[in-house]
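here you go, sequence then predicted model.
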Amino acid sequence: MYKDDLLAGKKVLVTGGGTGLGRSMAEHFRRLGAAVVICGRRQDVLAQTCEEVNARDDAPEMTWKGCDIRDAQAVHDMVEAIWSDGPLDVLVNNAAGNFISRSHELSSRAVDAVLGIVLHGTSYVTLACGKRWLAGEHAGNVLSIVTSYAWTGSAYVLPSAMAKAGVLAMTRSLAVEWGPHGIRLNAIAPGPFPTKGAWERLVPRPELAERFEQKNPLRRAGRHEELTNLACYLISDQSGYVNGEVVTIDGGEWLQGAGQFNFLSEMTDGDWEAIKPKKK
Ligand SMILES: CCCCCCCCC/C=C/C(=O)SCCNC(=O)CCNC(=O)[C@H](O)C(C)(C)COP(=O)(O)OP(=O)(O)OC[C@H]1O[C@@H](n2cnc3c(N)ncnc32)[C@H](O)[C@@H]1OP(=O)(O)O
Ligand SMILES: NC(=O)C1=CN([C@@H]2O[C@H](COP(=O)(O)OP(=O)(O)OC[C@H]3O[C@@H](n4cnc5c(N)ncnc54)[C@H](OP(=O)(O)O)[C@@H]3O)[C@@H](O)[C@H]2O)C=CC1
C-alpha cells in the first residue's frame, strides 16, 4: 500500500510492542524502514519478538527495552537510553491493561491496575518524550491507541473507559499546546481486533467471541493489517496536517449502537413488506 521507504530514517517507540496489535504495528513500521524500539514488562516476550522479526529479512533491526510504564523512573531511564543515540521521532502509546468486571465489585487496587498502565503510564511516556522534543526543538509525533468507548463510556470496563477517555483528552490538549512546536498527537479508536491479550480477558465465554466480532455493520472483526495501515499513515509525514484527531476503525460498530432505529436490521423481508403502504 505504501512506498517501501515511507518511514525510513524514523526512530519509533511502540509501548507494549511485544504482543498483539503493538507487535503488528511494530512489524509494519519496520518493513517500511523505521528503526523500531518496543517496550513492555516481560523481557522474554520482547526478546523473542525481536528475534523472530529480525530473522525474517534485513530491514532495520528491531530492539527492545524492558520497562514498566507505571514506574516514572523506569520510563525516564528508558527514554534517556533511547535518546542516547539520537532523538526519537515517533511514540506509539499502545500498552494497556483491561478486564471485565461488575464495577461495584472492583477493589481500589483493581482500579489502580488499569489506570496505572493506561492513564498514568501513557502520560509518563508522552511527557518524557515531549520534554525532550521541546528542549531539542525536534519535531515529534504521538499516536495513542484508545477505543470507541473513550467517548461513549462502557459498562463492565469502567477503569479502562475512564483511562482511555483521559488519553483522548491528553491527545487533544497536547495537540494544541505542542502543535506550534512541530509536535503532533493523534489517536486510533479500534473496534474488535482479535488478540490473545484482549480475547483472554474480555470474552467471558468462548461462544460470545463471535458476537463481539459480528456486532457491527460489516459483521466481522478487524484485520491487523487494516489497523497497521492506518497507523503507518498517521505516523508518517504524509499525514503532516492531521493533528488532535481520533480515527475510528471499527466497521461502524459504535454508530450502529447509537442510531435509534438501527436495531431494525433484525426485521425480516416479510416485516418490511407488511408495513409498506398498500396500493389503492
Ligand atoms: C473481546 C472483544 C473486544 C472488542 C473490543 C473491545 C475494546 C476493548 C478496548 C481495550 C482493550 C484492551 O485494553 S485489551 C488489553 C488487554 N491486555 C492486557 O490487559 C495486558 C496487561 N494486563 C495485565 O497485566 C493484567 O490483566 C492487569 C490486571 C490489568 C494488571 O496486572 P497486575 O499484575 O498489575 O494486577 P494484579 O496484581 O493481577 O491485580 C491487581 C488488582 O486487580 C484485580 N483484578 C485483576 N483482574 C481482575 C478481574 N478480572 N476482575 C476484577 N479484579 C481484577 C486483582 O484482584 C487485584 O486487586 P486486589 O485483589 O484488590 O489486590
Ligand atoms: N484488541 C482489540 O480488539 C482492541 C485493542 N485496543 C487497544 O489496543 C492496544 C493493544 O491491545 P492488544 O494488542 O489487544 O492487547 P495485548 O495484551 O496484546 O497488548 C498489551 C501490551 O501492553 C503491554 N503492557 C501492559 N502493561 C504494561 C506496563 N505496565 N508497562 C509496559 N507495557 C505494558 C503488555 O506487555 P507486558 O504484559 O509484557 O507488559 C502487552 O504487550 C491497547 O491499547 C488496547 O487497549 C483497543 C480496542 C480494541
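Received the coordinates, thanks. Ligands and ions are numbered 1, 2, ... in the order given.

how far does the helix or strand harbouring V111 sit from the chain's center?
Counting by DSSP states H and E, the secondary-structure element that holds V111 is helix 108-115. Using Cα atoms, centre = their mean, to the nearest Å, we find the averaged C-alpha position of helix 108-115 to lie 20 Å away from the chain's own average C-alpha position.

ok, it near ligand 1 or not?
Yes - judged by Cβ under 6 Å from any ligand atom, helix 108-115 comes into contact with ligand 1 through R109, A110, A113, V114. (Glycine included, C-beta is placed from N, CA and C.)

secondary structure element for the nearest residue to the third one once chain neighbours are set aside?
Take A113 and drop its neighbours on the chain: the residue closest to it by Cβ to Cβ, 6 or more residues apart in numbering is G97, 6.1 Å away. Assigned by DSSP H and E, G97 belongs to no helix or strand.

from memory G97 sits against I117, does it?
Yes - under the criterion of Cβ atoms under 8 Å, G97 lies in contact with I117, with a separation of 4.2 Å.

settle it for me: which of those two has more neighbours?
Between G97 and I117, counted using other Cβ atoms under 10 Å, the more crowded position is I117 (23 against 18).

quick check: phi and psi on the residue nearest to A113?
phi -140, psi 150 (degrees, to the nearest 10).

which parts of the chain sit against ligand 2?
For the chain, the residues in contact with ligand 2 (Cβ under 6 Å from any ligand atom) are 15-16, 18-22, 39-42, 45, 67-70, 94-98, 117, 121, 145, 147, 190, 192-193, 195, 197-198.

from the residues you listed, which are also near ligand 1?
With Cβ under 6 Å from any ligand atom as the criterion, these include A96, G97, N98, T147, P192, G197, A198 near ligand 1.

ok, the last one - contacts?
By Cβ atoms under 8 Å, 6 or more residues apart in numbering, the contact set of A198 is G20, N98.

that one belongs to a helix, doesn't it?
Yes - with the criterion set as DSSP: H, G, I helix; E, B strand; the rest coil, the secondary structure at A198 is a helix.

where does it land on pLDDT?
With respect to pLDDT, A198 has a value of 98.

what's the answer for R201, then?
Reading off the model, R201 has pLDDT 97.

go through the helix ranked longest in the chain and flag the buried ones.
With DSSP state H setting the assignment, residue counts place helix 158-178 as the longest helix in the chain. Applying a neighbour-count criterion of 16 or more other Cβ atoms under 10 Å, the buried positions in helix 158-178 are 158-168, 170-172, 174-175, 178.

mind giving me the packing neighbours of it?
Contacting helix 158-178 under the criterion 3 or more Cβ pairs under 8 Å, 6 or more residues apart in numbering; DSSP states H and E are the following elements: helix 108-115, helix 122-136, strand 140-145, helix 149-152, strand 183-190.

of the ones you listed, which is nearest P87?
For the helices and strands packed on helix 158-178, the distance to P87 is smallest for helix 122-136, at 5.8 Å, taking Cβ to Cβ.

dump the closest one to CSV, keeping only the CA atoms.
Output of helix 122-136 as CSV, limited to C-alpha atoms (Å, rounded to 0.1, in the frame of the first residue of the first chain):
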residue,chain,number,x,y,z
THR,A,122,0.8,6.7,28.9
SER,A,123,1.1,10.2,30.3
TYR,A,124,4.6,9.4,31.8
VAL,A,125,5.9,8.2,28.5
THR,A,126,4.3,11.1,26.5
LEU,A,127,5.6,13.8,28.8
ALA,A,128,9.1,12.2,28.9
CYS,A,129,9.3,12.3,25.1
GLY,A,130,7.6,15.7,24.8
LYS,A,131,10.0,17.4,27.2
ARG,A,132,12.9,16.2,25.1
TRP,A,133,11.4,17.2,21.8
LEU,A,134,10.7,20.7,23.1
ALA,A,135,14.1,21.1,24.6
GLY,A,136,15.8,19.8,21.5
